[in-house]
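Student: Give me coordinates for this.
(2 chains)
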2 protein chains.
Amino acid sequence: MEPTGAGRRGRRPGDSGTRAAILDAARARFAGEGFRGATVRAIAGDAGVDPALVMHYFGTKQALFVAAMEFPLDPAQVVPHLVGPGIDGLGERLVRFLIGVIDELGEANPMLGLVRSAVSHPDAARMMREFLGEAILDRVAAAIEADRPRLRADLCASQIVGILVARQILALPELAAADRELLIGVYGATIQRYLTAPLGPS
Amino acid sequence: MEPTGAGRRGRRPGDSGTRAAILDAARARFAGEGFRGATVRAIAGDAGVDPALVMHYFGTKQALFVAAMEFPLDPAQVVPHLVGPGIDGLGERLVRFLIGVIDELGEANPMLGLVRSAVSHPDAARMMREFLGEAILDRVAAAIEADRPRLRADLCASQIVGILVARQILALPELAAADRELLIGVYGATIQRYLTAPLGPS
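Tutor: Predicted coordinates for the structure are as follows:
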């Protein structure tokens, strides 16, 4: 998730140069101040444009973040798609989607860069915590009917990030080699339990 | 975790100097060649001592690794203690122990350094995969009566590393604030399921 500067390539004078300047400013502000602390106003100021132009290009601060981090997927699209059909089977849908991303994107998986940065740098951990919270976990929590919905979303996140680290980064041998449908069944049941089962000391 | 190269200074002012030279050589070899690839013979050679002396000081390659990484706990002691009473309740015992380590050691938790290195450096990921495998996961697998014991141990590891990352490193707010006994109940049931429940697509 290092700024790649790719926006600087092939920049035409005009629109794309302005867009690239906004993205560069956004990366610097998000890294330094977190997702919540970085304001569209400050990013616009750094890029030398009006805040309204930033919103014109990107629509929302979340979408600006997604563009700045070069995510291939926008949680604002993906999460409602997964959550929309309701709580039944949501565990399996989430895990199927995420294991698909892990297995198909490999090193191009943008979650990898986020996890690497977050684990090494407290500022990046804050940025990830705040973006994950607003873009994904609060949206999942809104679909949960049981008590303590955001804790339940956090529990799901703890298993999902663990799958990423253990299957892809550590590549624990039997987990890395395991059949995808088996893992979707096992982990889907865990996530479904976190979404719906009674919480509390057993 | 960085090789210090101090072992090459050829110092031998008695026992503690020799011990330090062995530990320096071990850190460099483990980092460069992984836990499995680094031999006691090569480490002894780097430290300028006989392999028998390394075994005299440390007993096993695992114990040498534990000493080199300055772990406050030796899995060769801890894992049999947790696994010994049998598979019943093992999920809760594992989670109670690990959440205790996370919450009580804080930044002094040696797992943090290992995860940080492993996530950033492929060599460190291999070192952690190999050491975790031999020192912890193979031992847990040996206590599992169900099919595919090592896959089950890897599944447990994926939730445990996820707890570490989500509760301590990302500090997802509701998870970080959650009551420890609640988490031990919820996660203990997950781990117990990974240890004992039928595997396969749901």
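
Student: the domain parsing of chain A - what is it?
Tutor: Per automatic domain parsing, the domain ranges recorded for chain A read A:6-68, A:75-196.

Student: Please look at residue A:70 and residue A:109 and confirm they touch.
Tutor: No: using C-beta atoms under 8 Å, residue A:70 is not in contact with residue A:109; the gap is 12.0 Å. Any C-beta I mention is one placed from the backbone N, CA and C, and that applies to glycine too.

Student: So the two - more neighbours on which side?
Tutor: Using other C-beta atoms under 10 Å in any protein chain shown, the more surrounded residue of residue A:70 and residue A:109 is residue A:109, with 19 against 15.

Student: Please report how far residue A:180 lies from chain B.
Tutor: Applying C-beta to the nearest C-beta, to the nearest Å, one obtains 10 Å for the distance of residue A:180 from chain B.

Student: quick one: buried residues of stretch A:105-116?
Tutor: Of all the residues in stretch A:105-116, those buried under the rule 16 or more other C-beta atoms under 10 Å in any protein chain shown are A:109, A:110, A:111, A:112, A:113, A:114, A:115, A:116.

Student: returning to that earlier point: deepest in the core, which of the domains of chain A is it.
Tutor: Greatest average neighbour count among the domains of chain A goes to domain A:75-196 (a mean of 19), per mean count of other C-beta atoms under 10 Å in any protein chain shown.

Student: quick one: average pLDDT of that one?
Tutor: Taken as a whole, domain A:75-196 carries a mean pLDDT of 93.

Student: so how far is the first residue of stretch A:97-117 from its last?
Tutor: Criterion C-alpha to C-alpha, to the nearest Å; first-to-last residue distance in stretch A:97-117 is 23 Å.

Student: What lies in contact with that stretch?
Tutor: Stretch A:97-117 has contacts (C-beta atoms under 8 Å, 6 or more residues apart in numbering or on different chains) with A:1-2, A:69-73, A:78, A:82, A:124, A:127-128, A:160-161, A:163-165, A:167-169, A:180, A:183-184, A:187, B:119-120, B:165.

Student: if I look at the closest residue to chain B within chain A, how far off is residue B:169?
Tutor: Per C-beta to the nearest C-beta, residue A:162 is where chain A lies closest to chain B, at 2.3 Å. To residue B:169, residue A:162 is 12 Å away according to C-beta to C-beta, to the nearest Å.

Student: With residue A:46 instead?
Tutor: Counting by C-beta to C-beta, the gap from residue A:46 to residue B:169 is 29 Å.

Student: now residue A:81
Tutor: From residue A:81 across to residue B:169, the span is 29 Å (C-beta to C-beta).

Student: mind listing the helices for chain A?
Tutor: Ranges of helices within chain A are A:15-37, A:40-47, A:51-58, A:61-68, A:75-83, A:90-105, A:110-120, A:122-132, A:138-143, A:149-163, A:173-177, A:180-196, based on DSSP state H.

Student: could those go into a markdown table alongside distance to residue B:90?
Tutor: Below are the helices of chain A laid out as a markdown table (distance: least, C-beta to C-beta, whole Å):
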| stretch | distance to residue B:90 |
| --- | --- |
| helix A:15-37 | 39 |
| helix A:40-47 | 50 |
| helix A:51-58 | 50 |
| helix A:61-68 | 41 |
| helix A:75-83 | 33 |
| helix A:90-105 | 24 |
| helix A:110-120 | 28 |
| helix A:122-132 | 31 |
| helix A:138-143 | 30 |
| helix A:149-163 | 18 |
| helix A:173-177 | 18 |
| helix A:180-196 | 17 |
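
Student: can you tell which of those is closest to residue B:65?
Tutor: Across these, residue B:65 has its closest neighbour in helix A:173-177 (18.7 Å, C-beta to C-beta).

Student: Quick one: list the elements packing against that closest one.
Tutor: Judged by 3 or more C-beta pairs under 8 Å, 6 or more residues apart in numbering or on different chains; DSSP states H and E, the packing partners of helix A:173-177 are helix B:149-163.

Student: The helix it packs on vs chain A: in contact?
Tutor: Yes: on the criterion C-beta under 8 Å from any C-beta of the partner chain, helix B:149-163 is in touch with chain A at B:150, B:151, B:153, B:154, B:155, B:157, B:158, B:159, B:160, B:161, B:162, B:163.

Student: how far is that helix from where the chain is centred?
Tutor: How far helix B:149-163 lies from its chain's middle: 13 Å, per C-alpha atoms, centre = their mean, to the nearest Å.

Student: Identify all contacting residues around that helix.
Tutor: Contacts for helix B:149-163 (C-beta under 8 Å, 6+ apart): A:158-163, A:165-167, A:170, A:172-175, A:178, A:186, A:190, B:91, B:94-95, B:98-99, B:102, B:115, B:132, B:136-138, B:140-142, B:144, B:146, B:183, B:187, B:190-191, B:194-195, B:199.

Student: Residue B:173 is in contact with residue A:132, correct?
Tutor: No: Residue A:132 lies out of contact with residue B:173 (C-beta under 8 Å); the separation is 10.7 Å.

Student: In space, what's closest to residue A:175 - neighbours in sequence excluded?
Tutor: Distances taken as C-beta to C-beta, 6 or more residues apart in numbering or on different chains put residue B:154 closest to residue A:175, at 3.8 Å, once the chain neighbours are dropped.

Student: any idea how far residue B:22 is from the one you found?
Tutor: To residue B:22, residue B:154 is 32 Å away according to C-beta to C-beta.

Student: likewise residue A:157?
Tutor: 42 Å.

Student: Repeat that for residue A:153.
Tutor: Going from residue A:153 to residue B:22 by C-beta to C-beta gives 48 Å.
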